[in-house]
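S.K.: next come a sequence and a model predicted from it.
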Amino acid sequence: MTLNRDKPWHKNASNLLVVNSILAAIAALVIQTFVTDLVRHSVWWLVAGAASLLLFVLTAEKITEAFASDDVRVFVKYHLPYNIGVFLLLVDVVGLIRHYGHLTSYPTVAVSVLMFGGWMWGWGCDTLFLLVRDKSEFPRWIRQLEGDVVEPPIQDPCEKVWAWLGSRFRPRAVGSGVQPHANVYTRLRPSKIQGVGVFAIRDIREGARLFSGDDDEIVWVDEQEVTGLPKDLRKLYDDFAIIKDGKYGCPSSFNRLTMSWYLNDSDHPNVTVDGEYNMTAAHDIVTGEELTIDSSIFSAQPYKSEAED
């Protein structure tokens, strides 16, 4: 049997084995240091170092086994002992710094916090993601590692955690000169095409990124969940959602519909859409012109079928 070696997790496995080997070598050096001077060290430092080395060896063996059998689940499973091994190794590093630097309690705490922050940045968030598995997101993350196209894509666990923390604790700029109308090109007005449309309130140059402040994540709802809804609620999905592969791509709440969801269709659109649903001006657009797309390239169009009837 020929195995596909182009899957995303294969590259991750190769990189992890290299890093794992380096950390195992460091753990061996740390153990040697403690053994040669055990009288002046607590035996627990030696235990932590030995445990980290053991976990690195186990991880290397199992990841090699996963790569040979093309089993992504074994690869993911042994991320956890690898991350724990890194934590124990950093604990030992703190012990070495404390001992040979003759640190008192407060500097030791400072070094410990620094090391823990480094572990969280590179390994801790990944550990939390593996321990607290989201029942819907985790299987999709596995599929993404296998190379399947997942909509929306699953963000790297560490990037996701730090983006969330940054959004909660990053101070808001006051008087920074950024104004609410910055990068706003459009507004809603009555449309001759259909109901409400999106119109330019300033000239827009070709290639300009539109709706840059619209960061609401697209959520995907199975068609079966929509079929049984009352008519008016189903029409919300038909009129506004991206419809493909038996799913409806919607804003996280229809109460959060932004201008990008109100674009009307045209056979000669002036807005282009990429694979991640980012929208740009297809050519120069003048003030007062309605912005349109051809949604047939990425979505079914049940409202057109109704109009033809």
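M.R.: Received, thanks. Computed from a predicted structure; not experimentally measured.

S.K.: what sits against Val109?
M.R.: Not one residue lies near Val109 by Cβ atoms under 8 Å, 6 or more residues apart in numbering. The way it works is simple: take the backbone N, C-alpha and C, and place the C-beta from them, glycine included.

S.K.: swap in Glu290?
M.R.: For Glu290, the contact set (Cβ under 8 Å, 6+ apart) comprises 191-193, 197-200, 264.

S.K.: give me the local confidence score for it.
M.R.: In this prediction, Glu290 carries a pLDDT score of 95.

S.K.: try Gly213
M.R.: Gly213 is given a pLDDT of 63.

S.K.: on that earlier part again, most neighbours among the contacts of Glu290, which one is it?
M.R.: Neighbour tally across those (other Cβ atoms under 10 Å): the maximum, 24 neighbours, falls on Val198.

S.K.: can you tell me the element it falls in?
M.R.: With the criterion set as DSSP states H and E, the secondary-structure element containing Val198 is strand 196-200.

S.K.: now do that strand, average pLDDT.
M.R.: Summarised as a single mean, pLDDT over strand 196-200 is 94.

S.K.: how about stretch 140-147: buried residues?
M.R.: With burial defined by 16 or more other Cβ atoms under 10 Å, the residues of stretch 140-147 counted as buried are 140-142, 144-146.

S.K.: closest to Ala27 among those?
M.R.: Proximity to Ala27 was ranked across the buried residues of stretch 140-147 by Cβ to Cβ; first place goes to Leu145, at 27.1 Å.

S.K.: ok, the closest residue in space to that closest one that isn't next to it in sequence to Val72 distance?
M.R.: Once its chain neighbours are removed from consideration, Leu145 has its nearest residue in Trp9; the separation is 4.0 Å (Cβ to Cβ, 6 or more residues apart in numbering). Remark: distance between Trp9 and Val72 (Cβ to Cβ, to the nearest Å) = 5 Å.

S.K.: okay, how far is it across stretch 234-245, tip to tip?
M.R.: End-to-end distance of stretch 234-245: 17 Å, with Cα to Cα, to the nearest Å as the criterion.

S.K.: from here on, call the first residue 883.
M.R.: Right, with 883 as the first residue, what we last looked at is stretch 1116-1127.

S.K.: may I see the buried residues of it?
M.R.: Going through stretch 1116-1127 with 16+ other Cβ under 10 Å, the ones that come out buried are 1119-1120, 1122-1125.

S.K.: identify the farthest-apart pair in those residues.
M.R.: Taking Cβ to Cβ, the two most distant members of those are Asp1120 and Ile1124; they sit 11.3 Å apart.

S.K.: hmm, back to that, mind listing what's buried in the strand or helix carrying the residue nearest to Leu1027?
M.R.: With elements delineated by DSSP H and E, Trp891 resides in helix 890-918, which encompasses its position. For helix 890-918, burial by neighbour count (16+ other Cβ under 10 Å) applies to 891-892, 894-895, 898, 902, 905-906, 908-909, 912-913, 915-916.

S.K.: and which of those residues is nearest Asp1176?
M.R.: When the buried residues of helix 890-918 are compared against Asp1176 (criterion: Cβ to Cβ), the nearest one is Trp891, at 35.8 Å.

S.K.: what's the first helix or strand after the helix holding Trp891?
M.R.: Next along the chain after helix 890-918, with elements defined by DSSP H and E, is helix 925-951.

S.K.: what pLDDT, on average, does that next one get?
M.R.: On average, helix 925-951 scores 85.

S.K.: rewinding a little: shared neighbours, Trp891 and Val954?
M.R.: Common neighbours of Trp891 and Val954, counting by Cβ under 8 Å, 6+ apart, are 1027-1028.

S.K.: for the protein, which spans come out with low pLDDT?
M.R.: Along the chain, the model assigns pLDDT under 70 to residues 883-888, 916-924, 1015-1018, 1031-1061, 1095-1098, 1184-1191.
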